[in-house]
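> with the sequence up front, the predicted model follows.
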Amino acid sequence: MTRKLRCHAIVLGVTVALTLAGCGGSGGDTAEAGGNSKGLEKTTIKVGALPIPDPVSLYIANAKGYFKEEGLTVEPVTITGGAAALPQIQSGALDISQTNYVSTFLAVSQGKKIKLVADMYQAAPNTFNIMVPKDSSIRTVEDLKGKTILVNNLNNIATLAVTTQLKVAGLTEKDVKFVEKPFPDMGNAILSGQADAGWITEPFITANQSQHGFRKLVDTMTGQTADLPIAGWMATEEWASKYPKTLAAFQRAIAKAQQLASSDRKEIEATLPKYTKIDAKTASVITLGAYPSELNANRLQKVADLMLEYGYLKSAIDVKSVIATTGASNG
């Protein structure tokens with residue numbers, strides 16, 4: 001079991017761009033020839049990941065040699081945002097990529113042939129909050145009526161999470177105006193009057209709290225969204241079918257790293273500065289969610305059901321059909 005990792009000092013969670021983010025890079029999709037004692041169809045893969053805490057297990061697995069133990073060489077490729085990761089895995093530029101579940105289920109509903117291959121990150125209390133300036137007249141969620149709220153992406157986990165809180169307050173998404181803005185730019189945009197509030201996450205909340213005195217209006221991961229699964233790893237259906245042993249090797253190594261991350265926060269703190277702009281001091285105080293070590297269809301179904309309830313999906317999705325069948329249970 002995973003356990004939630006959090007720090008009492010800061011109430012903000014660590015997850016930034018919850019989008020199907022894109023990146024460059026090349027990685028062909030032909031199986032590598034030569035001796036391979038593990039029997040993998042492909043021994044080197046390119047994996048897309050955002051420079052945020054969510055995919056920390058990818059870097060832990062590399063540092064600890066978990067991938068190497070499986071006969072696998074994993075080349076992390078930093079993705080920068082945007083909705084380009086899906087085309088990147090479809091083209092073969094990436095073998096596997098970070099994704100968020102809302103984007104994944106939207107893509108599946110549009111006929112995209114993708115599979116979830118491993119879990120990555122799950123929300124915990126105070127990991128995704130709506131923030132306002134310290135002197136703002138907005139004191140309750142009801143006060144957001146007629147206001148502009150910044151989100152990192154429209155029609156995604158951000159707007160879905162905010163809308164669930166609006167519902168509790170008797171409002172709908174039509175009562176507010178959502179505007180896209182990258183997380184690093186939200187604080188200044190709000191201070192300059194471009195918006196009234198922002199859906200902000202770590203490490204940007206820590207910065208906005210310390211530099212501008214921003215305060216939390218509401219934790220958006222409560223009620224319907226409590227412990228909501230946030231992000232995972234995806235591959236195309238074709239890739240998962242073509243490289244089952246390679247996929248299983250990736251899954252086993254990632255699961256092992258997820259278990260370590262969820263049991264030893266110090267491993268996360270030591271790893272974050274190596275691939276993100278989060279320094280050691282910040283890493284030691286930010287609030288973290290959970291790092292599940294296996295995909296659980298029942299938990300993920302909660303995301304798809306919420307999307308259906310709030311109109312993000314036109315018809316129900318059976319999450320079991322989106323999870324890759326190749327398992328990581330066998331060593």
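Yes, it's here. Numbering: from 1, shown residues only.

> low-confidence ranges in the stretch 51-200 of the chain?
Within the stretch 51-200 of the chain, the ranges that satisfy pLDDT under 70 run 80-84.

> so where do the helices sit in it?
In the stretch 51-200 of the chain, the helices defined using DSSP state H, counting those that start in this stretch lie at 56-64, 66-69, 85-91, 101-109, 157-168, 183-191.

> of those, which is nearest residue 285?
helix 56-64 (15.9 Å; Cβ to Cβ). From N, CA and C alone the C-beta is placed, and that goes for glycine too.

> any buried residues in that closest one, and which?
56, 57, 58, 59, 60, 61, 62, 64 (16 or more other Cβ atoms under 10 Å).

> again with stretch 156-171
Those would be 156-167, 171, for stretch 156-171 by 16+ other Cβ under 10 Å.

> then stretch 228-240?
228, 229, 230, 231, 232, 233, 234, 235, 236, 239, 240.

> thinking again about what came up before, okay, the helices of the stretch 51-200 of the chain in TSV with distance to residue 249 next?
Shown next, in TSV, are the helices of the stretch 51-200 of the chain (distance: least, Cβ to Cβ, whole Å):
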stretch	distance to residue 249
helix 56-64	11
helix 66-69	8
helix 85-91	18
helix 101-109	22
helix 157-168	29
helix 183-191	33
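
> for residue 219, find the nearest of these.
Comparing the helices of the stretch 51-200 of the chain under Cβ to Cβ, the one sitting nearest is helix 157-168, at 8.4 Å.

> so where's the stretch 201-331 of the chain uncertain?
Those would be 326-331, if you go by pLDDT under 70 across the stretch 201-331 of the chain.

> for it, which segments count as helices?
204-212, 237-242, 244-263, 265-275, 280-283, 297-309.

> contact partners of the last one?
Okay, so that is helix 297-309. With contact meaning Cβ atoms under 8 Å, 6 or more residues apart in numbering, helix 297-309 is reached by 101-102, 105-106, 116, 122, 160, 164, 224-225, 227-229, 292, 312-313, 315-320, 322-323.

> only alpha carbons, please: show that helix as CSV.
Output of helix 297-309 as CSV, limited to C-alpha atoms (Å, rounded to 0.1, in the frame of the first residue of the first chain):
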residue,chain,number,x,y,z
ALA,A,297,-9.4,0.0,-12.3
ASN,A,298,-11.8,0.8,-9.5
ARG,A,299,-9.9,3.9,-8.4
LEU,A,300,-9.4,5.1,-12.0
GLN,A,301,-13.1,4.5,-12.8
LYS,A,302,-13.9,7.3,-10.3
VAL,A,303,-12.2,9.8,-12.7
ALA,A,304,-14.1,8.6,-15.8
ASP,A,305,-17.4,8.7,-13.8
LEU,A,306,-16.8,12.2,-12.7
MET,A,307,-16.0,13.2,-16.3
LEU,A,308,-19.3,11.7,-17.4
GLU,A,309,-21.2,13.5,-14.6
